[in-house]
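Participant: Need coordinates for the below:
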Amino acid sequence: MKKLVALIAAAATCAAISLTAFAAPGISASEQKILDSLQGSVTTQAGASISIPQEYLNQAKNYLMRSDVDISEADATTTIGHIEEAKTAVKNSNATSLSDLPGSVKSIVLEKATAAAAVNGLSLTFDASSSAITIKDANGVTVFESGDIIKTTGADYTVEIALGAGLVLIAVAGSVYLVNKSKKAAVNG
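Facilitator: This next block holds a predicted model:
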C-alpha cells in the first residue's frame, strides 16, 4: 500500500510537473507555479511528513523541460487546484506513513492526479494488479512510469567471464611453457 500511495502521489506530480527551488531553463512562469505548489512535504494530522520520491519528480521535470510542452496560466491554475485538493485529503488523514493512508484518501489522490493530467493533455493509467502508474502525452509517448527508474534486465556476468577467460589463458600458457620446458629437458637430457 505504501508503494501505491507513492505512485499515486508521483502521478499527481507528473501531471502537475516537477519540484525545484528555482525556475529551470525551459520552464515558464506558469509551470514554475505548479512546481512551487509541489515543493516540500505534506504533514498529516498524525504529524507524519509525506513527500513524493525524487526519482518521480525528476521524470516530471524532464517532461516539463521538453520544448513541445507549454502549460498556460489557466491550465496551471486548474492543475494547482487539483494538487491542493489532493494535499488537503492527505493532510486531513491520520496516517503516519504512505502505507497508512486510508483507501478513500488514495482514491481522492488518484482522482486528482488523473484530472491534473487531463488538464495538461496527458492520460494517466493505473494498473491495480501491479500498482503501476503510467502517464502518456497526446502522441502516446510515455512521460512517466512508476517503479524502478533503472530496470534490471538480467544478470551481468561480464566481469566474471573476463576473469575466467584470463585465468584459462594463463593456465594454457603455463601448460605450454611447462610442456616445452619438459621437452627441452628430455632432449638435453
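
Participant: Point out where the protein drops to low pLDDT.
Facilitator: For the chain, residues meeting the criterion pLDDT under 70 lie at 1-25, 147-169, 171-178, 189.

Participant: residue ranges for the strands of it, please.
Facilitator: Under the criterion DSSP state E, strands of the chain are mapped to 42-43, 49-50, 123-127, 132-136, 142-145.

Participant: The third one packs against which elements?
Facilitator: Using 3 or more CB pairs under 8 Å, 6 or more residues apart in numbering; DSSP states H and E as the contact criterion, the secondary-structure elements in contact with strand 123-127 are helix 2-16, helix 103-119, strand 132-136. Where C-beta positions appear, they are placed from N, C-alpha and C, glycine not excepted.

Participant: can you list the strands of the chain in TSV and add distance to residue 89 and mean neighbour count?
Facilitator: Below are those laid out as TSV (distance: least, CB to CB, whole Å; neighbours: other CB atoms under 10 Å):
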stretch	distance to residue 89	mean neighbour count
strand 42-43	9	15
strand 49-50	11	16
strand 123-127	16	15
strand 132-136	17	20
strand 142-145	21	18
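
Participant: Need the ones you listed in a markdown table (columns: distance to residue 84).
Facilitator: Shown next, in a markdown table, are the strands of the chain (distance: least, CB to CB, whole Å):
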| stretch | distance to residue 84 |
| --- | --- |
| strand 42-43 | 10 |
| strand 49-50 | 15 |
| strand 123-127 | 18 |
| strand 132-136 | 20 |
| strand 142-145 | 20 |
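
Participant: Figure out which of those is closest to residue 57.
Facilitator: strand 142-145 (10.4 Å; CB to CB).

Participant: and that closest one, C-alpha only, in PDB?
Facilitator: Output of strand 142-145 as PDB, limited to C-alpha atoms (Å, rounded to 0.1, in the frame of the first residue of the first chain):
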ATOM      1  CA  THR A 142       5.300   7.600 -22.100                       C
ATOM      2  CA  VAL A 143       6.400  10.600 -20.000                       C
ATOM      3  CA  PHE A 144       6.200   8.900 -16.600                       C
ATOM      4  CA  GLU A 145       6.400   5.300 -15.300                       C
END
